[in-house]
Every structure is written in structure tokens, then in C-alpha cells.
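> With the sequence up front, the predicted model follows.
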Amino acid sequence: MIVDPDKLARYTPLVSVHGAIMMGWMALLASQARLAMTGKLSSHRAFGRWSPLLVVTMVTTGMTVSWNLSQEIGRYGVLVGNIGVFLTFLPLYIAAIVFARRHKPAEHRQAMLLATLSV
């Protein structure tokens, strides 16, 4: 059998929403890089102001999906692993924001890239 119906049931609407939010993060990163590269810094800053909302939603849905999956399969390593991911992502994201506010674009860029690579 190609598709196991029991595993397919795990793809709840919340999982789909979380996936869409994560894709939104990747799209935001790509568009932000493009805006900065082309010198459209006012647009870069305007879009960047919305990133905390996206990050809160990413973390909230990610932790909820991780909790639900760990409960369903009885493996708390899933939850612990994802907590580790977010404990890596959040400080890097916060550092990137601090670097942006201190007008350190190279450090901002590096912290955003590392934060994204951690998820």
C-alpha cells in the first residue's frame, strides 16, 4: 500500500496550517533578501515589522503539532527535539532584530540565516 490511512490521518488542518506558516517564513526570508539586495530598505523594514507575528504563530503551531504528535505516538522525543529547535531559533531571531536596530546589517543577515537554518 502506497499511503497508510493511519499515517494520513495525522495531517490535520493544524499540521497544514503550520506547514503553510513555515513556508511563509521561507517566502518572507527570500523576499527580504531580495528587497535588501535591490536597495528597497524601507519595504524591507516594513515587511520585517510583521515577522514577530509570524514567529509567534510558527512557534505556537509548531509546539502544538509537536505535543499532539508526541501524545499520539507516545514518543516525547519529538516534543523535546522541537523544543530544542525553537530554543535555538528564538535567540538567533532576537539577535537578528537587535542587530538590525543597531544598524549592523551583516550581523543581522547572518543571524537571520542561522535562525532559518535551525528550523
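Structure received. All values reported here derive from a predicted model rather than from experimental measurement. Numbers count the residues shown, from 1 in each chain.
> next helix or strand past the helix or strand bottoming out on mean pLDDT in the chain?
The weakest-scoring helix or strand in the chain, judged by mean pLDDT, DSSP states H and E, is helix 5-8 (a mean of 63). Next in sequence after helix 5-8, counting helices and strands by DSSP states H and E, comes helix 13-37.
> what about that following helix, distance to the chain center?
8 Å (CA atoms, centre = their mean, to the nearest Å).
> Give the buried residues for that helix.
18, 21-22, 25, 28, 32, 35-36 (16 or more other CB atoms under 10 Å). For the C-beta atoms, the positions are set from N, CA and C on the backbone; glycine is no exception.
> What average pLDDT does that helix get?
The pLDDT scores in helix 13-37 average 94.
> what ranges do the helices span in the protein?
5-8, 13-37, 41-48, 51-73, 77-101, 105-118 (DSSP state H).
> The third one packs against which elements?
Using 3 or more CB pairs under 8 Å, 6 or more residues apart in numbering; DSSP states H and E as the contact criterion, the secondary-structure elements in contact with helix 41-48 are helix 13-37.
> I'd like to check what contacts the helix it packs on. Which residues are they?
41, 43-44, 47-48, 50-51, 54-55, 57-58, 61-62, 64-65, 68, 105, 109, 112, 116, 119 (CB atoms under 8 Å, 6 or more residues apart in numbering).
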